[in-house]
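Participant: Dropping the sequence and predicted coords here.
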Amino acid sequence: MKGRILTPRPCGWSIPSPHDGGVGRGLVRERGILKAASGVSWASFAGYILMSFGGILNLIVVALNRGFMPVRTEEIPEERKRFYHAMDEQTRVWFLGDWIHIGGWYFSPGDIGLYLGLIVVIGDLLIGVALNRS
């Protein structure tokens, strides 16, 4: 059974959908279940999951280290000392801190997840735009 778009409510607002000329995807009732009909592809969804996972990892390490992100280097610039601390023997979950050295910068596993997810989402959006224009 194909989903159908919900009808406008008597309170004066309607649920916009591409089927009635509105913007957005609207809400669809399919087999008695109300769900959001989104235009998000699986690649974008995976990117959002990666970004969320990376953010949660960063949140965990900062929360367990009293509000500071641990960094593997001893030389932290003065303007960054407000948010970063050098790793030492008292650092909790050090493996979630900034210890991955890439191109002169230190990244955490959470940062890598955030950046990879962002790349996937932007790439999926660009591919979608390119395919829709041709």
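Facilitator: Done, it's in.
Participant: ranges for the helices of the protein?
Facilitator: Along the chain, counting by DSSP state H, helices occupy 42-64, 109-133.
Participant: helices or strands next to the first one in the packing?
Facilitator: Using 3 or more C-beta pairs under 8 Å, 6 or more residues apart in numbering; DSSP states H and E as the contact criterion, the neighbours of helix 42-64 among helices and strands are strand 69-71, helix 109-133. Where you see a C-beta, it was placed from the backbone N, CA and C, and this is true even at glycine.
Participant: quick one, which of these is packed in tightest?
Facilitator: The highest average neighbour count among the helices and strands packed on helix 42-64, using mean count of other C-beta atoms under 10 Å, belongs to strand 69-71 at a mean of 21.
Participant: quick one: average confidence on that strand?
Facilitator: The pLDDT scores in strand 69-71 average 94.
Participant: Now do it: everything it contacts.
Facilitator: Residues from elsewhere that reach strand 69-71 (C-beta atoms under 8 Å, 6 or more residues apart in numbering): 58, 61-62, 83-87, 91, 94, 97-99, 106, 108.
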